[in-house]
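**Q** I need the structure of the sequence given here:
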Amino acid sequence: MKSVFACQSCGAQAPKWLGRCSDCGAWNSFVEETVEKPGKATERRSAAEPLGGGKATRYADVDAVVSTRFSSGISEFDRVLGGGIVPGSLVLLGGEPGIGKSTLLLQAAAAFARDTGPVLYASGEESEHQVKMRGERLGVGDAPLFLLAETCIERILEEVDRVRPALVIVDSIQTVFSLKMASAPGSVGQVRQAATDLLFTAKGRNLPVFVVGHVTKDGSLAGPKVLEHVVDTVLYFEGDRHHAHRVVRAVKNRFGAISELGVFEMTGQGLQAVLNPSAMFLAERPENVPGSAVLCCLEGSRPILVEVQALVGTSTLGNARRTVSGLDPTRLSLLLAVLDKRAGLNLATDDVYVNVAGGMTVDEPAADLAILAAVASSLRNRPLHPNTVVFGEVGLAGEVRATSQAPLRLREAAQLGFTRCVVPDGNATAGDGPKGMEVVGVRTIGEALDALM
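**A** Down below sits the predicted model:
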């Protein structure tokens, strides 16, 4: 046994305590941990056996077998996972406290247990009675769901051998500890050891495993960065406490597309899948009001219509304010400069407030044209044409650049009853729009503003 000092932010190790980590720059993040010396070579080999047989296989001799996915019983959750739960996968679900991570996984566990097989739900933060109370509210019923209030990873794996479940859920990885290490639960060494043991179990038994992860105050997953590299899929549970909807976003997925999105609504009976999120985000959109533009953004493979709102007013202070919600503030400053230089709309002395209604977060460049349209509409106090959808990327020269998946966006807008769409000229010439949809192609922001107002 020997002691090392490990950074709790990035996992870097040092032989002595340091005030500032030289790798990630975090202050006062080093904690003393006791590590075990490496054992014999045979012990190390047996620990790694679940991942492979130890012999190299020629590429041409490997069978391209497509794994059969299992449904979680929640359509939106299956969408984020890439079509369902993959056997042998290790999935990490992170989110703020109280956002609904345990609720979502308990609902998925109950549905999976009824349709596929038994599920072992290991909770290190709640007792079995607390989980049972939540299950009664969610209507779990008589499903083959096994509850285990345990924080020792070795005892959890013993129960896996005894129960032989079809799915394992560990809530959460920061509360689990291993008897092989003397450090406290939640430390870098413990999180790494627990994640590795669960990885070997998942791959060796072809058993899907879900783990819950805490997040720090800046929104990133707590623990070492190696945790995100070990798992197959990383999901973020996002949402505003003041809104009923929740969003599950995939930021890493070895078995599906990243940036895939699943939308849920928090109700008294748990999380309900929202099959048409565009209708939900536009349900309370006012008509013929200046400063409002409808954007068709793309989240993964799903087009979603959201409302971009802007409010421009004369600044009463020396410095004009730029307040943004749901968008990149730096991108807004760049677009306002383009609007001033290329369209002649001076906003240097005006306060500009931009918001994506409903608490949605949009980070793709296709939102540029909708932002400029909403700001110009508020500045001129003229509403945009009704039943109009906007999308397109704006360059520094004032040109409107083409975006990806334009036909998919147009079809979504047509399904919601929109009859006119202002798009980049490169997307307008790629093909005709849906029946009854007028597609207007623009090359510059000047042409776009003329077409919109």
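
**Q** Domains in this protein, by residue range?
**A** 1-45, 69-275, 280-452 (automatic domain parsing).

**Q** out of the ones you listed, nearest to Tyr59?
**A** With Cβ to Cβ, the closest approach to Tyr59 among these belongs to domain 69-275: 18.5 Å. No exception for glycine: its C-beta is placed from N, CA and C like everyone else's.

**Q** what about that closest one, start to end distance?
**A** 21 Å (Cα to Cα, to the nearest Å).

**Q** related to what we said a few turns ago, how about the domains of the chain, which one is nearest Val62?
**A** Going by Cβ to Cβ, the one of these nearest Val62 is domain 69-275, 15.9 Å.

**Q** how about the domains of the chain in TSV, adding distance to Thr57, mean neighbour count and mean pLDDT?
**A** Shown next, in TSV, are the domains of the chain (distance: least, Cβ to Cβ, whole Å; neighbours: other Cβ atoms under 10 Å; pLDDT from 0 to 100):
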stretch	distance to Thr57	mean neighbour count	mean pLDDT
domain 1-45	18	13	75
domain 69-275	16	19	89
domain 280-452	33	18	90
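
**Q** These into TSV, with extra columns for distance to Lys55?
**A** Below are those laid out as TSV (distance: least, Cβ to Cβ, whole Å):
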stretch	distance to Lys55
domain 1-45	13
domain 69-275	16
domain 280-452	38
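
**Q** Of all the ones you listed, which one is nearest Ala60?
**A** That would be domain 69-275 among the domains of the chain, by Cβ to Cβ, at 22.4 Å.

**Q** Show the contacting residues for the residue lying closest to Val362 once chain neighbours are set aside.
**A** Computed as Cβ to Cβ, 6 or more residues apart in numbering, the closest residue to Val362 that is not its neighbour in sequence is Cys297, at 5.0 Å. Neighbour list for Cys297: Pro303, Ile304, Leu305, Val306, Val362, Glu364, Ala366, Ala367, Phe391 [criterion: Cβ atoms under 8 Å, 6 or more residues apart in numbering].

**Q** how close does Cys297 sit to Leu449?
**A** Distance, Cys297 to Leu449, by Cβ to Cβ, to the nearest Å: 20 Å.

**Q** ok, now Gly19?
**A** 54 Å.

**Q** Residues in a beta bridge with Ala293, which ones?
**A** Val308 (DSSP bridges).

**Q** pretty sure it contacts Asp368?
**A** No: taking contacts as Cβ atoms under 8 Å, Ala293 lies outside contact range of Asp368: 11.3 Å.

**Q** Look up how far Leu147 lies from Leu106.
**A** 10 Å.

**Q** got any residues that touch both of these two?
**A** Common neighbours of Leu106 and Leu147 (Cβ under 8 Å, 6+ apart) are Tyr121, Val131.

**Q** Do a quick rundown of the strands in the stretch 201-350 of the chain.
**A** For the stretch 201-350 of the chain, strands defined by DSSP state E, counting those that start in this stretch occupy the ranges 209-213, 233-239, 245-253, 261-267, 270-273, 292-299, 302-314, 322-325, 350-356.

**Q** Quick check: can you name the pairing partners of the fifth one and their directions?
**A** Sheet pairing for strand 270-273, assigned by DSSP bridges, gives strand 261-267 (antiparallel).

**Q** Now do the strand it pairs with and strand 233-239, the angle between them.
**A** Following axes from the mean of the first three to the mean of the last three Cα atoms, to 10 degrees, one obtains 40 degrees for the angle between strand 261-267 and strand 233-239.

**Q** Make 53 the first number, not 1, from now on.
**A** OK, 53 is where the count begins now, so the last one is strand 313-319.

**Q** Alpha carbons of strand 313-319, in CSV - could you do that?
**A** Taking C-alpha atoms only, strand 313-319 is exported to CSV below (Å, rounded to 0.1, in the frame of the first residue of the first chain):
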residue,chain,number,x,y,z
LEU,A,313,-32.7,14.5,-28.2
GLY,A,314,-35.5,13.1,-26.1
VAL,A,315,-38.2,15.4,-24.7
PHE,A,316,-40.3,14.6,-21.6
GLU,A,317,-42.9,16.3,-19.5
MET,A,318,-42.8,16.1,-15.7
THR,A,319,-46.2,15.2,-14.3
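
**Q** what separates that strand from the chain centre, distance-wise?
**A** 12 Å (Cα atoms, centre = their mean, to the nearest Å).

**Q** Give the bridge partners for the most centrally placed residue in the chain, please.
**A** Among the residues of the chain, the one closest to the centroid is Arg301, at 2.3 Å (Cα atoms, centre = their mean). Beta bridges link Arg301 to Tyr288, Leu313, judged by DSSP bridges.

**Q** unless I'm mixing things up, it is touching Thr285, no?
**A** No: the pair Arg301 / Thr285 is not scored as a contact, 11.5 Å apart, by Cβ under 8 Å.

**Q** doesn't Val326 make contact with Val315?
**A** Yes: using Cβ under 8 Å, Val315 makes contact with Val326 at a distance of 4.2 Å.

**Q** list residues touching both of those two?
**A** With Cβ under 8 Å, 6+ apart as the test, Val315 and Val326 both reach Glu128, His297, Met332.

**Q** The closest residue to the last one other than its chain neighbours: what's it in contact with?
**A** On the basis of Cβ to Cβ, 6+ apart, the spatially nearest residue to Met332 that is not a chain neighbour turns out to be Val326, at 5.6 Å. For Val326, the set of contacting residues under the criterion of Cβ under 8 Å, 6+ apart consists of Glu128, His297, Val315, Phe316, Glu317, Met332.

**Q** Dump the residues you listed into CSV; add distance to Asn433 as well.
**A** Converted to CSV, these look like this (distance: Cβ to Cβ, whole Å):
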residue, distance to Asn433
Glu128, 39
His297, 31
Val315, 33
Phe316, 37
Glu317, 35
Met332, 29
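
**Q** Closest one of those residues to Val56?
**A** Of those, the one sitting nearest to Val56 (Cβ to Cβ) turns out to be Phe316, at 42.1 Å.

**Q** I'd guessed the closest one sits against Arg298; true?
**A** Yes: using Cβ under 8 Å, Phe316 makes contact with Arg298 at a distance of 4.5 Å.

**Q** shared neighbours of the two, anything?
**A** Contacts common to Phe316 and Arg298, judged by Cβ under 8 Å, 6+ apart, are Gly152, Leu323.

**Q** can you pull out the helices in this structure?
**A** 93-100, 127-133, 153-167, 180-190, 205-215, 240-257, 278-282, 329-333, 381-395, 420-432, 458-467, 477-480, 497-504 (DSSP state H).

**Q** mind putting these in JSON lines, distance to Ala116 included?
**A** Shown next, in JSON lines, are those (distance: least, Cβ to Cβ, whole Å):
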{"stretch": "helix 93-100", "distance to Ala116": "25"}
{"stretch": "helix 127-133", "distance to Ala116": "21"}
{"stretch": "helix 153-167", "distance to Ala116": "27"}
{"stretch": "helix 180-190", "distance to Ala116": "39"}
{"stretch": "helix 205-215", "distance to Ala116": "29"}
{"stretch": "helix 240-257", "distance to Ala116": "18"}
{"stretch": "helix 278-282", "distance to Ala116": "25"}
{"stretch": "helix 329-333", "distance to Ala116": "35"}
{"stretch": "helix 381-395", "distance to Ala116": "41"}
{"stretch": "helix 420-432", "distance to Ala116": "41"}
{"stretch": "helix 458-467", "distance to Ala116": "28"}
{"stretch": "helix 477-480", "distance to Ala116": "36"}
{"stretch": "helix 497-504", "distance to Ala116": "47"}
